[in-house]
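Novice: structure, please.
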Amino acid sequence: MKALQRIRIILFCIMVFGAFANFAQNQWGLTVIDICVFFMIFTFFAESYLLNKLRIKQKQNVKYNKFQNIILVAFTFLFIASFLVGNSNSLINSIMLNSWVICILLLLINCIIELAIELLNKKNTFINGVAESNLLGLFYVGLFFKIMHWPGASVTLVLSVFFLFLFYSFSTIVFFKQNKNKGKQIVYLLSFGSIATILLGVAFIIATQHWSRIGSGILYYTALLITLVMIAGTIKWKYSFNGEKINILKAMQLLKTKIVLIYMVAFIYCTYKTFTIWGLAPRYYKQDEPSSCDLLYLEGNLKESGVVSTAFYNFRENAEKNGFLR
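Specialist: Numbering: from 1, shown residues only. The predicted model follows:
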């Protein structure tokens, strides 16, 4: 599991490099980001697969966990096969798309069941690696679909973020209840950080779906204010927890989820989007995208810019399928 975590950190660093390369008007920068998102999907699904294997080894719901792994393997196979087939056969593409939808729905149902089990769990730990890994994997699937302008991107993104919102909300509440008497300062600090992450996640989905520029801005600035409170709180560096002195880095491990990594990704993205709106950072460079997309974006018409961009890429994809572009 630690190896997968390291791979994710490396991929994230490469994505940042790709973003800066793209800002310098290198089209290949976006390709680097696309590839990293692609591999990020498999790190989360691989983690979920390994956790299910561990459950099977421990004789926990063997049939159910085997079924989960079959879904993960089937989805991975379909995902890779789609790139090998390309646009060569519309019937095969249609079958694969429908199979994808079925796999995504089954994974979402699985996540709902996992979350329900946690809620009904008497121990009430709310630390479920399988549900979290599946949801994060689906989130990156939606993100990849959006980058590639494939159908189903918005639905996958919205649903995965909605269930991640529920997961992290409940896990934060449980963490606070179980640990508030062990070390109030550090528990409050980590809980504030979790709340900031949840707000940034909602701001992210609002921004990417172009629902409300004002709404995403309010959520971002609220999360930024909480972040400043957190930074002020980390000046102390060492905190008392359960009768011991621990530093802030070790304290982050108390959360036992991937929320710290999610916070970093969401905060960087939302900060970047805010800077683009202020005109302090460039938009992603797309050599073949219509100039009207940039003009609409700079005028504050984010939704219209997204609609024009999507329509352009859909038009080009249909033209390629029908042999009009060679």
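Novice: tell me which residues touch the residue nearest the centre of the chain, please.
Specialist: Nearest residue to the geometric centre of the chain (C-alpha atoms, centre = their mean): Phe139, 4.4 Å. Applying C-beta atoms under 8 Å, 6 or more residues apart in numbering to Phe139 gives the contacts Thr156, Leu157, Ser160, Val161, Leu164. (Glycine included, C-beta is placed from N, CA and C.)
Novice: same question for Lys66.
Specialist: Contacts of Lys66 by C-beta under 8 Å, 6+ apart are Asn52, Ile56.
Novice: switch to numbering from 289
Specialist: Done: numbering now begins at 289, and the last item shifts to Lys354.
Novice: and the host helix or strand of Ile474, what does it pack against?
Specialist: Secondary structure assignment for Ile474, by DSSP states H and E: helix 472-496. On a contact count with 3 or more C-beta pairs under 8 Å, 6 or more residues apart in numbering; DSSP states H and E, helix 472-496 meets helix 441-467, helix 501-521, strand 526-529, helix 536-540, helix 547-566.
Novice: quick revisit: dump the contacts of Phe427 to a markdown table, plus pLDDT and distance to Ile483.
Specialist: What follows is those, written out as a markdown table (pLDDT from 0 to 100; distance: C-beta to C-beta, whole Å):
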| residue | pLDDT | distance to Ile483 |
| --- | --- | --- |
| Thr444 | 85 | 25 |
| Leu445 | 87 | 21 |
| Ser448 | 87 | 20 |
| Val449 | 89 | 16 |
| Leu452 | 88 | 14 |
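Novice: can you give the distance of the host helix or strand of Phe367 from its chain's centre?
Specialist: Assigned by DSSP H and E, Phe367 belongs to helix 350-373. In terms of C-alpha atoms, centre = their mean, to the nearest Å, the centre of helix 350-373 is found 20 Å from the chain centre.
Novice: I'd like the mean pLDDT over that helix, please.
Specialist: Mean per-residue pLDDT for helix 350-373: 76.
Novice: now stretch 317-332
Specialist: 87.
Novice: what's next to that stretch, contact-wise?
Specialist: Taking C-beta under 8 Å, 6+ apart as the rule, stretch 317-332 contacts 292, 295-296, 299-300, 302-303, 305-311, 364, 367, 421-422, 424-425, 428-429, 431-432, 435-436, 572-574.
Novice: which of these are buried?
Specialist: Applying 16 or more other C-beta atoms under 10 Å to those, the neighbour count classes 296, 299-300, 303, 306-307, 309-310, 364, 367, 421-422, 424-425, 428-429, 431-432, 573 as buried.
Novice: Thr562 - how many residues pack around it?
Specialist: 18 (other C-beta atoms under 10 Å).
Novice: likewise Gln497?
Specialist: Residues near Gln497, counting by other C-beta under 10 Å: 18.
Novice: for the chain, what helix or strand is lowest in average pLDDT?
Specialist: Across the helices and strands of the chain, mean pLDDT, DSSP states H and E gives its lowest value to helix 579-586, namely a mean of 61.
Novice: hmm, back to that, just the buried positions in the helix holding Phe367, please.
Specialist: Buried residues in helix 350-373 (16+ other C-beta under 10 Å): Asn353, Gln356, Asn357, Ile359, Leu360, Phe363, Thr364, Leu366, Phe367, Ser370.
Novice: likewise stretch 332-342?
Specialist: Phe332, Phe333, Ala334, Glu335, Ser336, Tyr337, Leu338, Leu339, Asn340.
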